[in-house]
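Undergrad: everything below, folded, please.
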Amino acid sequence: QKAIRHATMDAEQQFNTLRSVAEECLDDTSLRKLLEAKPDSFVAYDGFEPSGRMHIAQGIFKAVNVNKITKSGGTFLFWVADWFALMNDKMGGDLEKIKVVGEYLQEVWTAAGMNHMGTRVKFILCSECITGQAEKYWLQVLDVARRFNVTRIKKCCQIMGRLENSLSSAQILYPLMQCADIFFLNADICQLGLDQRKVNTLALEYCSKVNRKIKPVILSHHMLMGLKQGQAKMSKSDPDSAIFMEDSAEDVCRKIKNSYCPTAIEGDDTKPTSNDVLKNPCLDYIQNILFNIDDFKFQIPSCSLSDDLAKLSIDDALSSTTTAFNKVYASYQEVFDAFISGEMTTDELKCGLIYALNALLQPIRTHFIENERANKILAQIVQWKKEGTAKSNNGDIAPILPEGIPSNATVITLPLCSHEMITLTQVVNVAQAIAQNSTADRPIVLLEPDWASFATNSLLDMKIIHKYYALFEFGVKCALSELGVTEAKYQVLKQSELILNAPSEYWLCVMNAGRSHMLSDIMGESLEDSDGSGNIVHRLMRVADVTALKPTLLATQLDDLVATAAGLSGVEVVELNALDLRLKAEKEIGDLNFEYLINDTDKVAKSKMKKSFCEPGNVEFCPAIEFVKVFRSSNFEIVRTPENGGNVTYTDPAQLSADFKSEKLHPGDLKSAVGESILIGLLSKLDGGIKQSKELKDALKGLKALEKKAAKAKK
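TA: Okay, the predicted model is just below:
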């Protein structure tokens with residue numbers, strides 16, 4: 001929809017100005033539509049890691065580009081990505097140091113002439129903003145995670161300068177969070193470097209997956225070359241690969257003097273027509289830094305590289321008449337043509353570049369000398385650099401339990417919510433774990449992994465997840481009653497309650513767990529690259545859960561042991577899914593008689609038991625015997641006619657197994673007794689309770705609808 005235009009530029013001027021910021025725009029049409037709809041209210045964003053040093057592209061180049069965007073009517077959000085720097089182990093992962101570096105970068109931009117600071121240019125500290133809107137942000141991250149597999153996310157990890165085989169688990173979180181940032185900040189334009197293209201493309205793919213019609217516009221700026229031969233981009237780890245904002249005049253002089261500056265392509269007699277093929281870093285600086293500034297002219301001073309350029313007064317040189325300069329060029333193309341033709345020598349090019357760069361950097365140097373606050377911040381960072389930065393865990397931050405939830409308890413983790421109906425096996429396993437560990441001196445906590453469920457299944461929403469667990473917990477109560485446990489005391493803790501009680505501490509614990517463990521370790525043998533990346537996040541979340549609860553005993557699923565092992569020390573771990581109440585050894589596609597479901601009626605239950613596997617003499621796999629062991633281990637009666645041996649009561653499951661193995665006990669008699677004595681009672685309690693509760697009826701209806709949705713999605 002076309003909006004009223006209050007911007008000082010017309011639409012075409014706005015478009016051209018914004019396009020001059022970017023080397024690549026993924027969709028010019030979308031940019032034009034955005035300017036029609038929001039001519040003076042669009043939002044652009046970039047995130048930066050406070051990592052200790054700022055090179056000239058991040059300083060001068062960024063300041064110029066931001067000024068173009070605000071001049072065009074936009075607001076620019078700087079996402080001060082302190083948590084991202086933590087995950088990438090910048091400044092040793094010390095958050096306090098990272099925050100100080102963030103303040104330093106803002107001082108640089110102020111001195112570099114960035115306009116509208118505090119009005120149209122806003123700095124948002126990632127950790128504070130996320131913590132203030134934790135539920136909104138982290139559910140967005142988890143939604144991104146569940147939409148893409150590990151392979152796709154690994155492709156984005158070059159945004160951190162990391163190779164796939166050297167990734168920590170935390171570095172999988174990085175692109176997931178960066179993608180979520182765009183939607184969390186309601187950014188219309190992503191104005192990042194070309195090196196961030198893959199994660200920006202991920203955001204566009206996400207929009208398609210969730211049917212989001214309005215997609216962000218991607219304006220990717222040029223990546224400056226390194227000053228040395230063969231360096232496609234600058235490197236903060238190599239001080240001589242780039243000009244940095246705190247470089248002295250001597251530093252600039254030395255670096256440019258020693259920089260790679262070819263006039264021709266090696267082994268090629270033809271004259272290059274652009275720097276794309278020549279790859280001359282000096283020309284790259286001239287084109288993308290200097291001529292990116294309005295009304296800039298490239299001036300060659302009347303001196304040579306053999307002179308001590310650093311000692312010449314920059315102010316004097318700039319205030320001289322044009323006779324102090326041998327030549328003046330009004331456009332980059334003029335400079336390029338003169339240099340390639342030989343009209344301008346390499347020494348002249350470098351002299352002009354040194355003068356121009358020092359003129360740009362001098363206000364920043366002055367600011368950090370004369371401004372007391374800026375001077376103090378820079379001195380602190382320089383000192384940290386000299387001392388080196390050991391890896392920090394930020395005080396070993398641990399999640400904080402909600403009031404009333406005990407630590408050092410028996411913790412039983414409920415299964416992840418699924419789009420399939422809850423089975424009797426699942427609820428009975430949990431009920432038996434409660435029964436076996438119910439003691440007066442050790443409380444029991446049932447951990448409901450609602451957010452982990454959301455992270456691992458793209459078909460789920462939080463409403464259906466809560467319905468699932470309401471039904472599951474009712475099933476556990478019914479199973480406990482059938483097991484003869486009436487006094488069991490336990491508390492239910494939703495994972496979301498644990499997280500939102502102290503979200504900053506929780507997610508810092510997740511990040512620290514990820515920093516401490518390689519991706520391959522957290523994936524273990526049970527996860528593959530084709531699995532959803534939400535599974536990685538889920539496992540790191542389980543580490544945080546365990547760190548918070550500090551259980552003395554943990555009953556969990558086998559798949560979770562890989563994750564929880566990272567956070568366990570001296571904790572007894574038992575398998576939650578030890579019971580196997582399947583009715584058949586193998587499940588065939590579409591087989592509805594494979595297992596009991598908590599919504600099975602009496603009629604369905606009897607039919608399933610009749611069709612269940614029960615081979616005469618086979619005690620290795622006999623579902624009917626398993627039911628007896630769980631529910632009637634001390635007193636189980638089988639009613640038979642006199643000609644079939646008469647009634648028999650077993651007080652020991654071992655004797656029942658022996659009689660079945662010797663074929664004294666017929667499969668038909670055993671299955672009939674199990675159906676009448678055990679299943680009817682348990683399923684009647686479930687059915688009756690569900691029918692009497694509007695909440696449970698609604699929950700069951702929701703799960704059935706989810707099953708149909710999942711079945712349709714498979715087709």
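Undergrad: just for this structure, where's the confidence low?
TA: Applying pLDDT under 70 to the chain picks out residues 1-8, 158-165, 236, 306-324, 389-396, 558-570, 589-590, 592, 715.
Undergrad: quick check: longest helix of it.
TA: helix 346-370 (DSSP state H).
Undergrad: moving C-terminal of that helix, what's the next helix or strand?
TA: Downstream of helix 346-370, the next assigned helix or strand under DSSP states H and E is helix 372-387.
Undergrad: centre of the chain to that next one, how far?
TA: 32 Å (Cα atoms, centre = their mean, to the nearest Å).
Undergrad: and L219, how close does it get to L34?
TA: Here L219 is placed at a distance of 11 Å from L34 (Cβ to Cβ, to the nearest Å). (C-beta placed from N, C-alpha, C; glycine too.)
Undergrad: give me the common contacts of those two.
TA: Counting by Cβ atoms under 8 Å, 6 or more residues apart in numbering, the residues touching both L219 and L34 are I189.
Undergrad: count of residues packed around L360?
TA: 24 (other Cβ atoms under 10 Å).
Undergrad: quick one, helices of the stretch 1-150 of the chain?
TA: Using DSSP state H, counting those that start in this stretch, the helices of the stretch 1-150 of the chain run over 11-21, 28-37, 56, 62-71, 82-87, 95-111, 126-132, 134-147, 150-154.
Undergrad: how about CSV for the ones you listed, with distance to A555 added?
TA: Converted to CSV, the helices of the stretch 1-150 of the chain look like this (distance: least, Cβ to Cβ, whole Å):
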stretch, distance to A555
helix 11-21, 56
helix 28-37, 51
helix 56, 57
helix 62-71, 52
helix 82-87, 31
helix 95-111, 35
helix 126-132, 32
helix 134-147, 25
helix 150-154, 28
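Undergrad: pick the most buried one from the ones you listed.
TA: Ranked by mean neighbour count, the helices of the stretch 1-150 of the chain are led by helix 82-87 with a mean of 25 (mean count of other Cβ atoms under 10 Å).
Undergrad: so what does that one touch, helix or strand wise?
TA: Under the contact criterion of 3 or more Cβ pairs under 8 Å, 6 or more residues apart in numbering; DSSP states H and E, helix 82-87 touches helix 95-111, helix 126-132, helix 170-184, helix 503-516.
Undergrad: so what touches it?
TA: Under the contact criterion Cβ under 8 Å, 6+ apart, helix 82-87 has outside partners 47, 49-51, 91, 93, 95, 98-99, 101-102, 125-127, 130, 170-171, 173-174, 177-178, 394, 507-508, 511, 514-515.
Undergrad: for S634, which of the helices of the stretch 1-150 of the chain is the nearest?
TA: Evaluated with Cβ to Cβ, the helices of the stretch 1-150 of the chain place helix 134-147 nearest to S634, the distance being 45.4 Å.
Undergrad: can I get that closest one in PDB, CA atoms only?
TA: Output of helix 134-147 as PDB, limited to C-alpha atoms (Å, rounded to 0.1, in the frame of the first residue of the first chain):
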ATOM      1  CA  ALA A 134      12.500 -13.600  26.300                       C
ATOM      2  CA  GLU A 135       9.500 -15.600  25.400                       C
ATOM      3  CA  LYS A 136       9.000 -13.800  22.100                       C
ATOM      4  CA  TYR A 137      12.700 -14.000  21.100                       C
ATOM      5  CA  TRP A 138      13.500 -17.600  22.100                       C
ATOM      6  CA  LEU A 139      10.400 -19.100  20.600                       C
ATOM      7  CA  GLN A 140      11.400 -17.300  17.400                       C
ATOM      8  CA  VAL A 141      14.800 -18.900  17.600                       C
ATOM      9  CA  LEU A 142      13.400 -22.300  18.300                       C
ATOM     10  CA  ASP A 143      11.000 -21.900  15.400                       C
ATOM     11  CA  VAL A 144      13.900 -21.200  13.000                       C
ATOM     12  CA  ALA A 145      15.800 -24.200  14.400                       C
ATOM     13  CA  ARG A 146      13.000 -26.700  13.800                       C
ATOM     14  CA  ARG A 147      12.500 -25.500  10.200                       C
END
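Undergrad: quick one: contacts of that helix?
TA: So helix 134-147 is in contact with 129-130, 153, 173, 176-177, 179-180, 183-184, 202, 206, 209-210, 451, 454-458, 462, 496, 499-500, 503-504, 507, 532-534, 536-537, going by Cβ under 8 Å, 6+ apart.
Undergrad: many thanks, have a good one.
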